[in-house]
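Visitor: Next comes the sequence, and after it the predicted model I'd like to discuss.
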Amino acid sequence: TLYYIEQSSGVEQVGLVYDMAYLHGAEVPVVVSIVSSTETRAIVAISSAGAVGYGVLSALYDIQPDNVTFVPPAVLTFYYDEQKLMDYGVEESSANVYRFDPISGWSLVPEIERNEYENWIKVELSSTSIYAVRGMLPDLTPPETEILFVQGKQYVTPNLVYVSSCTGFALLATDPPDPRSGISSGVLFTEYRIDSGDWQVYETTFTLTAGYHRIEYRSKDKTGNLEDIKRTDVFQDEQAPKIDVEVSYPKVTALEYQYITSTTTIEISADDYGGSGIENIGYQIDARGWQDYSFPIQIDTEGKHILEIIAQDRVGNTREEEQILCVDNTPPEVTLELTGPEYQTSDSYFVSPRTEFALSSEDPSIKSEFYDDFLLDITTWVVESGRWWWENYCAYGTEGKLVSRKEFVHKRKVTAKMRTEKSGTNSW
């Protein structure tokens, strides 16, 4: 007498045909049931299959009782779900019926017949256990490659990465598990090219030259999945910023120095000219400590001062400059000297045509911590507005403003009212 047992799960269906089933020498009936995926033995079975790259592509069918022997061997016909195989990317020819034992694990049950048109596999069973269709799961997910910046400093914008001259480039590739199968075959190689040049296999960190470059890169895994090309545009900025110092008036350059007063403002700016951009401008006066520049500077103390300036762009290129400024807040002293006939009252000079006039000036010495005595002595003067002239043997002077060669640094007015008599009979 042949027994036929049928069990199904959706599209799947199994049919078991047997003659005699013995357990400990006694004939017993056999049943087929589906193991819930939440049961411990199902979890163990599925996870152990995945650990070696296989997927369980059907329900788990438990033929009971355990340890039953079929005489002669039973025939199990397994109707599988073709769509499930397609979902996992498994070829029908690689799907087979397997037996699961909690102790020994999974083992292949040799087929005796297969019909891929009707989607069934027929095998012989000599004993009871858990049976399912398994297949080697393919890795259909390509690797993922990322670019790393080694050393140096970078400034990242949405479309461009600015790097310094000491920046190196490294490529790191990983082969993530396929989301359907959980399988990763591993990275076979990574390759890259610069500015549409030839592809070359990545082996170690590489560098670039100054300017714009496009780096393209990709990886391939051991099952042949090739990653789509990735691109990173970079600009290697090797130029330090340019510093510009604007000194307002009053100021004058003399004796190789620039002279200013405490009201003079000093404005500092920097330009990176198409590079990564300015990150910071700093300054210090007389080495008294660096501070960030944010508004115009004024120097209060008279004397010689060293202004140090540093400008840095966003990838670390740095330029330093130094300027020497002499602060002079003391006006010069002006002296009017007359030689020849003259008579002085409280507000006037009486002179003759023979009287000679001389103007002299002296700028008092200014001290600094750099020199014990720093003397600025400019004694050449001009009359900027106003003039002297002679008429009827009389000397007249308009009110004049005397200005030193330190143009507009300091101003001091000297006024002299002068007159003579028409005749030369005056006695002094």
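Guide: In hand now; what should we look at? Numbers count the residues shown, from 1 in each chain.

Visitor: how long is stretch 307-321 end to end?
Guide: Start and end residues of stretch 307-321 are separated by 8 Å (C-alpha to C-alpha, to the nearest Å).

Visitor: Sketch out the low-pLDDT regions of the stretch 1-150 of the chain for me.
Guide: 1 (pLDDT under 70).

Visitor: can I get the CA coordinates of the lengthiest helix in the chain in CSV?
Guide: What stands out as the longest helix in the chain, according to DSSP state H, is helix 40-51. The C-alpha trace of helix 40-51 is given here as CSV (Å, rounded to 0.1, in the frame of the first residue of the first chain):
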residue,chain,number,x,y,z
THR,A,40,14.0,28.2,17.5
ARG,A,41,14.8,25.4,15.1
ALA,A,42,13.7,27.4,12.1
ILE,A,43,15.8,30.4,13.2
VAL,A,44,18.8,28.1,13.6
ALA,A,45,18.2,26.5,10.2
ILE,A,46,17.8,29.7,8.3
SER,A,47,20.8,31.5,10.0
SER,A,48,23.1,28.5,9.5
ALA,A,49,22.2,28.5,5.8
GLY,A,50,23.0,32.2,5.5
ALA,A,51,26.3,31.8,7.2
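
Visitor: List the contacts of that helix.
Guide: Under the contact criterion C-beta atoms under 8 Å, 6 or more residues apart in numbering, helix 40-51 has outside partners 35-37, 55-56, 60, 98, 100, 102, 105-106, 130, 132, 134, 137, 182. Heads up, the C-betas are built off the backbone N, CA and C, glycines and all.

Visitor: So which bits of it are buried?
Guide: 42, 45-46, 49-50 (16 or more other C-beta atoms under 10 Å).

Visitor: Distance from the chain centre to that helix, please.
Guide: With C-alpha atoms, centre = their mean, to the nearest Å as the basis, helix 40-51 stands 46 Å off its chain's centre.

Visitor: are any of the contacts of helix 40-51 buried, and which?
Guide: Buried, going by 16+ other C-beta under 10 Å: 35, 55-56, 60, 98, 100, 106, 130, 132, 134, 137, out of the contacts of helix 40-51.

Visitor: out of the residues you listed, who's nearest residue 328?
Guide: Of all these, residue 328 sits closest to residue 137, with 86.4 Å by C-beta to C-beta.

Visitor: what's the helix or strand for residue 84?
Guide: helix 82-88 (DSSP states H and E).

Visitor: Give me the contact list for that helix.
Guide: So helix 82-88 is contacted by 11, 55, 57-58, 91-92, 95, 119, 135, 137-138, 180-181 (C-beta under 8 Å, 6+ apart).

Visitor: buried ones in it?
Guide: 84-85, 88.

Visitor: Return the residues in contact with residue 37.
Guide: So residue 37 contacts 43, 46, 60 (C-beta under 8 Å, 6+ apart).

Visitor: circling back to that earlier point, which of the buried residues of helix 82-88 lies closest to residue 314?
Guide: residue 88 (49.3 Å).

Visitor: For that closest one, give its distance to residue 94.
Guide: With distances taken as C-beta to C-beta, to the nearest Å, residue 88 is found 11 Å from residue 94.

Visitor: do the same with residue 264
Guide: Taking C-beta to C-beta, one finds residue 264 at 87 Å from residue 94.

Visitor: again with residue 199
Guide: Taking C-beta to C-beta, one finds residue 199 at 33 Å from residue 94.

Visitor: Counting neighbours, what do you get for residue 294?
Guide: 8 (other C-beta atoms under 10 Å).

Visitor: quick one, phi psi at it?
Guide: phi -140, psi -20 (degrees, to the nearest 10).

Visitor: any chance of the buried residues of helix 40-51 in a markdown table, plus distance to residue 304?
Guide: Shown next, in a markdown table, are the buried residues of helix 40-51 (distance: C-beta to C-beta, whole Å):
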| residue | distance to residue 304 |
| --- | --- |
| 42 | 89 |
| 45 | 89 |
| 46 | 85 |
| 49 | 85 |
| 50 | 80 |
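
Visitor: which among these gets closest to residue 111?
Guide: For the buried residues of helix 40-51, the nearest to residue 111 is residue 49 (18.3 Å; C-beta to C-beta).

Visitor: For residue 191, pull up the helix or strand it's in.
Guide: strand 187-194.

Visitor: So for that strand, what gets flagged as buried?
Guide: Going by 16+ other C-beta under 10 Å, strand 187-194 has these buried residues: 187-188, 190-192, 194.

Visitor: I'd like the mean pLDDT over the following helix or strand past that strand, please.
Guide: The helix or strand immediately downstream of strand 187-194 is strand 200-201, counting by DSSP H and E. Strand 200-201 shows an average pLDDT of 98 in the prediction.

Visitor: After strand 200-201, which helix or strand is next? Please name it.
Guide: Following strand 200-201 in sequence, per DSSP H and E, is strand 211-221.

Visitor: Please save the CA atoms from that next one in CSV.
Guide: Extracted in CSV, the C-alpha atoms of strand 211-221 (Å, rounded to 0.1, in the frame of the first residue of the first chain):
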residue,chain,number,x,y,z
GLY,A,211,45.0,74.0,-9.6
TYR,A,212,41.8,72.3,-10.6
HIS,A,213,41.5,68.5,-10.9
ARG,A,214,38.7,65.9,-11.3
ILE,A,215,39.3,62.6,-9.5
GLU,A,216,37.1,59.7,-10.7
TYR,A,217,37.1,56.3,-9.0
ARG,A,218,35.3,53.0,-8.7
SER,A,219,35.6,49.5,-7.4
LYS,A,220,34.7,46.0,-8.5
ASP,A,221,33.8,43.0,-6.3
